[in-house]
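In: 3D, please:
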Amino acid sequence: MQVKSIHRFAKISAFKAREVTRAIQGLPATDAVDLLRFTPKKAAGLILKTLKSAIANAENNNQLNPNDLVVKEAVVGEGPTLKRFQPKARGSAGPIRKRTSHISVTVTDEIEIVRRGDKPKTKSTTKKSSAKRKAPIAQNTAPTLTEDSAKTAETKE
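Out: Residues are numbered from 1 along each chain as shown. So this is what the prediction gives:
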C-alpha cells in the first residue's frame, strides 16, 4: 500500500531540495531517515520531517510495519514565489525572489527491500572456479648473459 505525505510552501527553492531527494529514492525508509539525519543541508531537515510524517501515516492509519517501508518517490515541485524589492543606487530597485516549494514523499511496502551488499535471491551466485591457474609472473624478467651469448659478444668485437 502506498502512503503519501506533503509539505507545502516550504521556504526553500525546489532546485536546492531536489538534490537531497535524489539521494533517498529507492532506499528503505529507515536507511533514508539515517541518511537525512547526517546530511548537512537545510533541505534535509525539511525532507526528513516529511518522510517521518509519511512513515507515521503508514504506521497509524494503515497498520504497516515501518521496517518494511521503502521510499518509492520523493518529489519537489515549485511553489509560489514571494516577490520583494531591494533599494539600489540612484533611486532604482532590484528584485528579490523568495522561492518556495512543495515536498512530496511516497512510501510503500510493495517493493522488496534490497540493501547494498545483499545478493539477489533469484539468480544463482555460484561460479565455476577455473581448474587451471596461470603460473605467477617471474620477478626478474631481464635477459641474462649466458656463456654462449658472452662468447658471441666477444667474437663480434
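In: please count neighbours and contacts with C-alpha atoms only from this point.
Out: OK.
In: buried set for the lengthiest helix in the chain?
Out: Looking only at the chain and at elements set by DSSP state H, the helix with the highest residue count is helix 42-61. Applying a neighbour-count criterion of 16 or more other C-alpha atoms under 10 Å, the buried positions in helix 42-61 are 43-44, 46-58.
In: and the furthest pair within these?
Out: Longest distance between any two of those is 22.6 Å, between Ala43 and Ala58; criterion C-alpha to C-alpha.
In: what are the phi and psi angles of the most centrally placed residue in the chain?
Out: To find the centre residue of the chain, average its C-alpha atoms and take the closest one (C-alpha atoms, centre = their mean): that gives Ala23, at 3.5 Å. Here is the backbone geometry of Ala23 (degrees, to the nearest 10): phi -70, psi -30.
In: how far away is it from Ala44?
Out: From Ala23 across to Ala44, the span is 10 Å (C-alpha to C-alpha, to the nearest Å).
In: per-residue pLDDT, Phe38?
Out: At Phe38 the predicted local confidence, pLDDT, stands at 95.
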